[in-house]
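**Student:** Build the 3D model from these lines:
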Amino acid sequence: MIIPSPSSRSRNKIIVSSWDLVWATASPPLALFVRDGSAPFHGDWAVAVYYCLFASAFALLSFFALRIQDGLLRNFSVQEFLSILEAVLFTELMTCGVLFSLTRMDGIPRSMPLIHAALLGAGLIGGRLFFRVVLPDSAHEHQTKRERVIVIGASRFAFHFIQMLRAYAPPSHPVIAVLDQNPKMVGRAVADVQVMGAPHELDAIITEFAIHGIHVDRVVVAGEGSQLGEATSQEIERVCLERQIQLQYLPRLVGITQWKEPELVSASEQAAQHPLSAYFWLKRWIDVLGALALVVILSPVALVAGILVLLDVGSPILFWQERLGWKGRPFLIYKFRTLHAPFDADGERVETSREPSVIGRFLRATRLDELPQLLNVLLGDMSLVGPRPLLPEDQPGNLADRLSVRPGLTGWAQVNGGKLVSKEEKEAFDTWYVRNASLRVDIYIALLTLKIVMTNQYAGREAKADTEQVRQKGVDILTAAQRKIAS
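**Tutor:** Numbers count the residues shown, from 1 in each chain. Below is the predicted model of the structure:
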């Protein structure tokens with residue numbers, strides 16, 4: 001998970017490579033040409049121009065939003081490949097959603113989004129692969145010493161370590177061999193480095209390399225010594241001590257030797273004691289289809305909301321927080337910003353009101369500030385209906401049930417008081433939902449949420465409400481919940 005910068009530290013510098021700019025502009029008309037060949041476009045030229053303009057604009061917007069322009073073209077990676085796919089999907093969804101709302105896409109062939117997506121993605125990826133081959137990587141030109149390393153442990157940890165060394169070290173591979181306790185791994189390769197034997201053969205393998213004029217400088221264990229066994233670990237230490245070879249343990253190099261799972265995550269593992277309904281398997285498919293439909297339908301509304309935020313509080317338009325989600329995994333939840341950043345770009349505190357403006361209050365009252373969370377649903381971090389993800393200080397005592405399912409955009413606690421109920425009552429509401437969730441319950445909660453948004457039921461009531469009365473009402477609702485659903 002990539003952690004973005006806080007709002008105060010986000011610079012307004014827009015970086016888009018010349019190739020991305022050209023391709024975002026050229027790919028829509030090229031898609032029209034590929035679709036119709038050399039023959040003139042048979043539809044309405046005005047609609048075609050609208051398609052090209054919207055497709056180019058949303059492509060550039062997605063490049064900036066997903067920050068694919070921040071990396072160097074020659075350093076193209078798998079992570080950037082995935083970001084490009086997300087940018088292409090975002091571009092097509094937004095383009096089709098807006099055009100469908102305005103013109104119902106009359107005059108645009110139905111295959112056009114697929115052709116444009118293929119061309120846009122192929123051009124962005126192909127351009128990066130081209131620059132990676134053509135442009136030299138001078139990051140390691142100052143390195144002169146060639147250090148030879150043997151890695152013990154054929155794991156993913158070892159794989160990424162080898163790749164890291166290869167990216168920074170001289171062109172000759174610094175890792176010359178991998179050793180592993182599993183005999184079946186011998187003869188295979190980890191990141192193109194051959195597994196040559198078992199850890200207890202370290203002395204013999206170093207001797208063979210010395211015969212060929214290669215001196216081993218360092219041995220790195222991709223794990224803790226206890227994982228190798230006491231005898232093997234002692235043999236490795238003896239060999240390195242006698243030959244004056246540096247011995248290192250990879251977890252300690254990256255600072256995770258003393259790493260422990262957070263207590264909140266450990267607590268979530270207790271959820272296995274309460275088997276979940278089979279409905280939660282179907283629920284994920286409902287979430288994906290529902291979120292896709294809502295993204296397309298509400299894309300014009302989200303665009304207007306984003307413009308209002310930009311005019312009200314400036315860039316960036318999104319606010320993020322880390323919350324605990326399914327199985328205790330942390331994830332980033334997004335909203336449209338409704339407050340000014342508390343610090344400026346230089347880290348100085350800004351003396352501004354921490355109350356939202358009229359626009360901010362409107363976005364909060366209508367829940368439009370939570371529209372970006374539809375992307376959290378698509379990515380699998382959240383569900384349309386479920387317990388709301390909470391900050392660490394707001395977590396209830398028993399996390400087992402609420403962390404056993406994906407958190408929701410809305411939930412049983414939100415339609416029965418929301419912020420006006422206590423931690424204990426939220427816990428009770430969420431526990432009831434997890435153990436009684438069904439399609440009927442989710443539809444009921446969704447309809448109640450829509451009613452609250454349309455009637456603005458909770459607007460302005462936090463300061464005036466009799467919280468004890470509201471809490472008692474929440475307890476009464478919880479007690480009668482089963483009867484209420486059945487009716």
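**Student:** D106 and V47 touch, don't they?
**Tutor:** Yes: shown here, D106 and V47 form a contact pair, counting by C-beta atoms under 8 Å, at 6.7 Å. Backbone N, C-alpha and C define where each C-beta goes, glycine included.
**Student:** higher neighbour count, these two?
**Tutor:** V47 (17 against 11; other C-beta atoms under 10 Å).
**Student:** So the more buried one sits against P109, correct?
**Tutor:** No: the criterion here is C-beta under 8 Å, and V47 misses it with P109 at 10.7 Å.
**Student:** I317 is in contact with K335, isn't it?
**Tutor:** No: judged on C-beta under 8 Å, I317 makes no contact with K335 at a distance of 9.9 Å.
**Student:** State the pLDDT value of the residue nearest to Y433 when sequence neighbours are not counted.
**Tutor:** Nearest residue to Y433, sequence neighbours excluded (C-beta to C-beta, 6 or more residues apart in numbering): W412, at 4.2 Å. W412 carries a pLDDT value of 87.
**Student:** for the one 5 residues further on, same thing?
**Tutor:** Looking at G417, its pLDDT stands at 77.
**Student:** do the same with K464
**Tutor:** For K464, the model assigns a pLDDT of 36.
**Student:** Downstream of the helix ranked longest in the chain, the next helix or strand is which one?
**Tutor:** Using DSSP state H, we find that the single longest helix of the chain is helix 279-312. As assigned by DSSP states H and E, the chain's next helix or strand after helix 279-312 is strand 318-324.
**Student:** quick one: that next one to chain centroid distance?
**Tutor:** Distance of strand 318-324 from its chain centroid, counting by C-alpha atoms, centre = their mean, to the nearest Å, is 11 Å.
**Student:** Could you do stretch 321-329 as well?
**Tutor:** Averaging C-alpha positions (C-alpha atoms, centre = their mean) puts stretch 321-329 12 Å from its chain's average.
**Student:** And this structure, split by domain according to the record?
**Tutor:** Per automatic domain parsing, the structural domains of the chain span 12-134, 149-253, 266-486.
**Student:** can you tell me the distance between the two ends of the shortest one?
**Tutor:** In terms of C-alpha to C-alpha, to the nearest Å, the two terminal residues of domain 149-253 are separated by 15 Å.
**Student:** per-residue confidence averaged over that domain?
**Tutor:** Averaging pLDDT residue by residue across domain 149-253 gives 87.
**Student:** which residue ranges form the helices in the stretch 101-250 of the chain?
**Tutor:** Using DSSP state H, counting those that start in this stretch, the helices of the stretch 101-250 of the chain run over residues 112-134, 156-168, 202-211, 230-242, 250-253.
**Student:** can you redo these as CSV with distance to T25 and mean neighbour count?
**Tutor:** Shown next, in CSV, are the helices of the stretch 101-250 of the chain (distance: least, C-beta to C-beta, whole Å; neighbours: other C-beta atoms under 10 Å):
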stretch, distance to T25, mean neighbour count
helix 112-134, 11, 18
helix 156-168, 33, 16
helix 202-211, 55, 15
helix 230-242, 58, 15
helix 250-253, 46, 15
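**Student:** In a markdown table, list those helices along with distance to L379.
**Tutor:** A markdown table is the format used below for the helices of the stretch 101-250 of the chain (distance: least, C-beta to C-beta, whole Å):
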| stretch | distance to L379 |
| --- | --- |
| helix 112-134 | 18 |
| helix 156-168 | 22 |
| helix 202-211 | 44 |
| helix 230-242 | 41 |
| helix 250-253 | 29 |
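**Student:** Quick check: which of those helices is nearest to T95?
**Tutor:** Shortest distance between T95 and those, using C-beta to C-beta, is found for helix 112-134: 7.1 Å.
**Student:** just to revisit the earlier point, let me know which of the helices of the stretch 101-250 of the chain is the nearest to S438.
**Tutor:** Among the helices of the stretch 101-250 of the chain, helix 112-134 comes nearest to S438, with 35.5 Å by C-beta to C-beta.
**Student:** Tell me which other helices or strands the closest one touches.
**Tutor:** Judged by 3 or more C-beta pairs under 8 Å, 6 or more residues apart in numbering; DSSP states H and E, the packing partners of helix 112-134 are helix 18-36, helix 45-65, helix 78-103.
**Student:** helices or strands up against the longest one?
**Tutor:** The one in question is helix 78-103. If contacts are counted by 3+ C-beta pairs under 8 Å, 6+ apart, helix 78-103 sits against helix 45-65, helix 112-134, helix 279-312.
**Student:** quick check: angle from that helix to helix 112-134?
**Tutor:** Put simply, helix 78-103 runs at 150 degrees to helix 112-134, going by axes from the mean of the first three to the mean of the last three C-alpha atoms, to 10 degrees.
**Student:** for the record, mean pLDDT for helix 78-103?
**Tutor:** The pLDDT scores in helix 78-103 average 82.
**Student:** one step back: would you turn the helices and strands packed on helix 112-134 into CSV with distance to A118?
**Tutor:** Shown next, in CSV, are these (distance: least, C-beta to C-beta, whole Å):
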stretch, distance to A118
helix 18-36, 8
helix 45-65, 13
helix 78-103, 9
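**Student:** per-residue pLDDT, K145?
**Tutor:** Predicted confidence (pLDDT) for K145: 58.
**Student:** picking up where we left off before, what's the spacing between the longest helix of the chain and its chain's center?
**Tutor:** Relative to the centre of its chain, helix 279-312 is centred 16 Å away, using C-alpha atoms, centre = their mean.
**Student:** In that helix, which residues are buried?
**Tutor:** Residues 283, 287, 290-291, 294-296, 298-299, 302, 305-306, 308-309, 312 are the ones in helix 279-312 that count as buried (16 or more other C-beta atoms under 10 Å).
**Student:** quick one: that helix to strand 318-324, angle?
**Tutor:** Angle, helix 279-312 to strand 318-324, by the same axes, to 10 degrees: 150 degrees.
**Student:** what's the angle between helix 279-312 and helix 45-65?
**Tutor:** Orientation check (the same axes, to 10 degrees): helix 279-312 against helix 45-65 gives 100 degrees.
**Student:** Show me what helix 279-312 is packed up against.
**Tutor:** Contact here means 3+ C-beta pairs under 8 Å, 6+ apart; on that basis helix 279-312 packs against helix 78-103, strand 330-336, helix 358-365, helix 373-378, strand 383-385, helix 439-455.
**Student:** tell me the angle that helix makes with strand 330-336.
**Tutor:** Using the same axes, to 10 degrees: helix 279-312 against strand 330-336 is 50 degrees.
**Student:** follow-up on the earlier one: quick check, nearest of the buried residues of helix 279-312 to K426?
**Tutor:** Using C-beta to C-beta, these come closest to K426 at K283, 20.6 Å.
**Student:** what's the pLDDT at the closest one?
**Tutor:** K283 is assigned a pLDDT of 90 by the prediction.
**Student:** Which residues are in contact with it?
**Tutor:** S383, A437, D442 (C-beta atoms under 8 Å, 6 or more residues apart in numbering).
**Student:** re the thing from before, pick the one among the buried residues of helix 279-312 closest to E424.
**Tutor:** K283 (26.2 Å).
**Student:** now the helices and strands packed on helix 279-312 in JSON lines, with mean neighbour count and distance to S56?
**Tutor:** Output for the helices and strands packed on helix 279-312, formatted as JSON lines (neighbours: other C-beta atoms under 10 Å; distance: least, C-beta to C-beta, whole Å):
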{"stretch": "helix 78-103", "mean neighbour count": "19", "distance to S56": "9"}
{"stretch": "strand 330-336", "mean neighbour count": "19", "distance to S56": "24"}
{"stretch": "helix 358-365", "mean neighbour count": "16", "distance to S56": "28"}
{"stretch": "helix 373-378", "mean neighbour count": "21", "distance to S56": "22"}
{"stretch": "strand 383-385", "mean neighbour count": "26", "distance to S56": "32"}
{"stretch": "helix 439-455", "mean neighbour count": "15", "distance to S56": "34"}
